[in-house]
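Participant: Provide a 3D model corresponding to the input given below.
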Amino acid sequence: MIPAREALDRLREGNRRFVAGRSSPDTLDRRNRRAELTGGQEPFAIVLGCSDSRVPAEIVFDQGLGDLFVIRVAGNVVASSQVGSVEFAAARFHTRLVVVLGHSGCGAVDATLEELRRPTASQSRHLRSIVDRIRPAVESLLADGLGLDPVSLERLAVRANVRASAHQLRHGSELLERLIEEQGLVVVGAEYSLETGVVEFFDGVPGGLPPPDPVSSAAPEGA
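Facilitator: Got it, this is the predicted structure:
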């Protein structure tokens, strides 16, 4: 079992390699790794991320087969099936780090902000179910009347949505609560930048391990 802090370090190191354009040889050795994994898996991190095609967790963290247990849904929202998937991996594989991964330019978040500004009656009930899960996290940003420009509003909304999903995982499951209290499970929130490729961990990062400066994280290793 890999402790949460070590798992977080691995993800940060992998993201630095991704940003620098240098993949680990271990990541590239997929053929031998595939044979090893036929008997089981031991993912060191669980990632609940958005379904956006530009944010594949294994690639942005430069990880290979069997390294990550990935759950993807538009807007990285948390419903019963997502909670159950996280519970399954945390309990079955003893994975001790959960990352809620949002990203800049999230279409689901933008759609929610648009719906709050101009409600529509024709939206599919299935699409509305995603909007309704994001709505509580972001509607206060509009209600407060801060006069934010669209870019700032979208960025704050993305992070508010990540925080809400991470909070729900921490406090919406008796199993996960017990693993957090007794076995060192950690749930953190992060944002991937489409522009830079950098993943910034900003919510729930374990004490004594402050998040690095995003600019320094983007620098190539050894620079």
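Participant: next, the contact list for the nearest residue to residue 106 once chain neighbours are set aside, please.
Facilitator: Spatial nearest neighbour of residue 106, excluding adjacent residues (C-beta to C-beta, 6 or more residues apart in numbering): residue 158 at 5.3 Å. Where C-beta positions appear, they are placed from N, C-alpha and C, glycine not excepted. Taking C-beta atoms under 8 Å, 6 or more residues apart in numbering, we find residue 158 in contact with 102, 103, 104, 106, 109, 191.
Participant: repeat that with 6 Å
Facilitator: 102, 106, 109 (C-beta atoms under 6 Å, 6 or more residues apart in numbering).
Participant: measure it to residue 173 for me?
Facilitator: 23 Å (C-beta to C-beta, to the nearest Å).
Participant: go on, residue 202?
Facilitator: Taking C-beta to C-beta as the measure, residue 202 falls 22 Å from residue 173.
Participant: give me the below-cutoff pLDDT ranges for the protein.
Facilitator: 28, 30-31, 145-147, 208-223 (pLDDT under 70).
Participant: show me where it has its helices.
Facilitator: 4-20, 25-28, 30-36, 57-60, 80-92, 107-117, 125-143, 150-171, 174-183, 214-218 (DSSP state H).
Participant: is residue 134 in contact with residue 73, as I believe?
Facilitator: No. In this structure residue 134 lies outside contact range of residue 73 using C-beta atoms under 6 Å: 11.2 Å.
Participant: quick check on these two: which one has the bigger neighbour count.
Facilitator: Using other C-beta atoms under 10 Å as the criterion, residue 134 and residue 73 rank with residue 134 on top: 28 against 19.
Participant: show me what contacts the more buried one?
Facilitator: Counted by C-beta under 6 Å, 6+ apart, residue 134 has contacts 75, 112, 161.
Participant: could you dump these to a markdown table with neighbour count?
Facilitator: Listed next are the contacts of residue 134 as a markdown table, based on neighbours: other C-beta atoms under 10 Å:
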| residue | neighbour count |
| --- | --- |
| 75 | 25 |
| 112 | 25 |
| 161 | 28 |
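Participant: just the closest of those to residue 153, please.
Facilitator: Taking C-beta to C-beta as the measure, residue 153 sits nearest to residue 112 out of the contacts of residue 134, at 11.4 Å.
Participant: chain neighbours aside, what residue packs nearest to that closest one?
Facilitator: Leaving out its chain neighbours, the residue that sits closest to residue 112 by C-beta to C-beta, 6+ apart is residue 134, at 4.2 Å.
Participant: same question, residue 57
Facilitator: Leaving aside its sequence neighbours, residue 57 sits nearest to residue 47 (C-beta to C-beta, 6+ apart; 4.3 Å).
Participant: check contacts around the one you found.
Facilitator: 57, 68, 70, 99, 101.
Participant: between those residues, which sits nearest residue 8?
Facilitator: Relative to residue 8, the closest of these is residue 99; by C-beta to C-beta it sits at 8.1 Å.
Participant: how close does the closest one sit to residue 12?
Facilitator: If you go by C-beta to C-beta, the gap between residue 99 and residue 12 works out to 11 Å.
Participant: quick one, what contacts residue 173?
Facilitator: Counting by C-beta under 6 Å, 6+ apart, residue 173 has contacts 83, 87.
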